[in-house]
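Asker: Next come a sequence and a model predicted from it.
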Amino acid sequence: MRALKTVMFYHKDTGMFAANQLLVSDERMVALNTPKDHVAIDGHHFDHLSQRVDVTSGEIVDYQPPQPSVEHEWSGTARRWQLNGASQAKRQASSEALARISQLEAQQPRALRETALGLAGGRERLLAIETEIQALRANL
């Protein structure tokens, strides 16, 4: 039985790792599966999102990819771009507002029925629901 070998691939010019890995028992399969303009390197323990190969020295070096947006900040601990606190809070508030809008809209059919039937309070409930939904949408 042959031993299994794991390889990763990096671009010959940039040193950037490809996201894919290859597990083979036959060394000849490495060359057949190496992407164009890439070089195979033994191992599977490299982080393709925060490491690359220094093509001059062949050493593995830390890499910080370009910032995805101004809403992101680099986390040295996670070695990833993450949403900054303000952006996280904004997305959380938006998610909560959308959930509340869904709850309010689920209440509308009864208020519509009461309004259509001319029952007391139906129109007022519809207006109260709409007022709250408009306020929530202003914060999205």
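Answerer: In hand now; what should we look at?
Asker: For Tyr10, the count of nearby residues, please.
Answerer: 23 (other C-beta atoms under 10 Å). Where you see a C-beta, it was placed from the backbone N, CA and C, and this is true even at glycine.
Asker: Pop the domain breakdown of the protein in here.
Answerer: Domains of the chain are assigned by automatic domain parsing as 5-63, 85-138.
Asker: how about stretch 78-94: buried residues?
Answerer: Under the neighbour-count criterion of 16 or more other C-beta atoms under 10 Å, stretch 78-94 has Trp81 buried.
Asker: Stretch 127-140 too?
Answerer: Neighbour counts over stretch 127-140 (16+ other C-beta under 10 Å) mark 129, 133, 136 as buried.
Asker: now swap in stretch 13-28 and tell me
Answerer: The neighbour-count check on stretch 13-28 (16+ other C-beta under 10 Å) flags 15-17, 22, 24 as buried.
Asker: re earlier: let me have the buried residues of stretch 127-140 in JSON lines, extended by secondary structure.
Answerer: As requested, the buried residues of stretch 127-140 are exported to JSON lines (DSSP: H, G, I helix; E, B strand; the rest coil):
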{"residue": "Ile129", "secondary structure": "helix"}
{"residue": "Ile133", "secondary structure": "helix"}
{"residue": "Leu136", "secondary structure": "helix"}
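Asker: From Thr131, how far off is Tyr10?
Answerer: Taking C-beta to C-beta, to the nearest Å as the measure, Tyr10 falls 58 Å from Thr131.
Asker: Quick check on Val61: phi, psi?
Answerer: Per-residue torsions, Val61: phi -130, psi 160 (degrees, to the nearest 10).
Asker: who's the residue nearest the centre of the chain bridged to?
Answerer: Central residue of the chain (C-alpha atoms, centre = their mean): Gln82, 9.4 Å from the mean position. Following DSSP bridges, Gln82 is listed with bridge partners Glu73.
Asker: Now Gly76. Its backbone dihedrals?
Answerer: phi -70, psi -30.
Asker: In three-state terms, label the most far-flung residue of the chain relative to its centre for me.
Answerer: Largest separation from the mean C-alpha position in the chain: Gly118, at 49.1 Å (C-alpha atoms, centre = their mean). Counting by three-state DSSP, the backbone at Gly118 sits in coil.
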